[in-house]
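Novice: Pasted the sequence and its predicted model underneath.
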Amino acid sequence: DIQMTQSPASLSASPEEIVTITCQASQDIGNWLAWYQQKPGKSPQLLIYSATSLADGIPSRFSGSRSGTQYSLKISRLQVEDTGIYYCLQRYSNPRTFGGGTKLELK
Amino acid sequence: EVKLLESGGGLVQPGGSLRLSCAASGFTFTDFYMSWIRQPPGKAPEWLGVIRNKANGYTTEYNPSVKGRFTISRDNTQNILYLQMNTLRAEDTAIYYCATGNWFAYWGQGTLVTVSS
């Protein structure tokens, strides 16, 4: 199975700050990566797919990038509603695998 | 509007069976791959398997972690996705979600399965 190592496990940031979360794939997965946000008691919501494409209805302050097998989710101007847990997902090969998650809190 | 509504969860004893359903609406069900994903309390989601769309013959693939115990099927006349779970174990305790497509663009609200004696 492809392992997705996400970091940091948690972080705290202030409103309007720039936040970056990363996922390291254990092998080449091309652009077959997505990012999700999950709020307490809710199902995950797709933010980014194909590593860099913004999902429908997602604010443009969210962006995705790739450098080799490292993928990043950037939130350019953190808002209060951005708190939650963020997960990456690879769909390059089955079984599809998620990262361990990054818990984002606001200061 | 896309809607996915899971049902069928509950408390089941180890070794027991359960069938989950996911009622879909707001899109052409037969055009979409459909997956089951579960999330144990406080942990990351785990993809369980997929059933492909009509164009791909409704074939299935499973995570090896559940292959042989779990079976995914679909009723394309009633737009319902199923997950048959057999020989359940305590570690199968989780919220079970259905999700659409290859990128899981839409998820249901989930149904809780608790495996305990």
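Specialist: Nice, thanks for sending it over. Numbering: from 1, shown residues only, chains lettered A, B, ... in the order given.
Novice: Please make it C-alpha for all contacts and neighbour counts, starting now.
Specialist: OK.
Novice: what does chain A have sitting close to chain B?
Specialist: Residues of chain A lying close to chain B (CA under 8 Å from any CA of the partner chain) are A:34, A:42-46, A:49, A:87, A:91, A:94-101.
Novice: Sort out which of those are buried, if you could.
Specialist: Using 16 or more other CA atoms under 10 Å in any protein chain shown as the burial test, these include A:34, A:43-46, A:49, A:87, A:91, A:94-101 as buried.
Novice: which residues does the most centrally placed residue in chain B contact?
Specialist: The residue lying closest to the centre of chain B (CA atoms, centre = their mean) is residue B:36, at 3.1 Å. By CA atoms under 8 Å, 6 or more residues apart in numbering or on different chains, residue B:36 lies in contact with B:47-50, B:83, B:96-99.
Novice: ok, what's across the strand from it?
Specialist: residue B:49, residue B:98 (DSSP bridges).
Novice: tell me the SS of residue B:91?
Specialist: helix (DSSP: H, G, I helix; E, B strand; the rest coil).
Novice: Would you map the strands across the chain?
Specialist: In the absence of a named chain, chain A is used. A:4-7, A:10-13, A:19-25, A:33-38, A:45-49, A:53-54, A:62-67, A:70-75, A:84-90, A:97-98, A:102-106 (DSSP state E).
Novice: wrong one, chain B
Specialist: B:3-7, B:10-12, B:18-25, B:34-39, B:46-51, B:60-62, B:70-75, B:80-85, B:94-100, B:111-115.
Novice: Next, the angle strand B:70-75 makes with the third one.
Specialist: For strand B:18-25 against strand B:70-75, the angle by axes from the mean of the first three to the mean of the last three CA atoms, to 10 degrees is 40 degrees.
Novice: what does the fourth one give?
Specialist: For strand B:34-39 and strand B:70-75, the angle between their directions (the same axes, to 10 degrees) works out to 140 degrees.
Novice: could I have strand B:34-39 exported to CSV, CA atoms only?
Specialist: C-alpha atoms of strand B:34-39 as CSV (Å, rounded to 0.1, in the frame of the first residue of the first chain):
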residue,chain,number,x,y,z
MET,B,34,-19.5,4.7,-5.7
SER,B,35,-17.2,3.9,-2.7
TRP,B,36,-17.6,3.0,0.9
ILE,B,37,-15.2,4.7,3.4
ARG,B,38,-15.1,4.2,7.2
GLN,B,39,-13.7,6.3,10.0
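Novice: Buried residues in that strand, which are they?
Specialist: B:34-39.
Novice: Tell me the spacing between the residue lying closest to residue A:21 once chain neighbours are set aside and residue A:1.
Specialist: Leaving out its chain neighbours, the residue that sits closest to residue A:21 by CA to CA, 6 or more residues apart in numbering or on different chains is residue A:73, at 5.2 Å. Separation of residue A:73 from residue A:1 (CA to CA, to the nearest Å): 23 Å.
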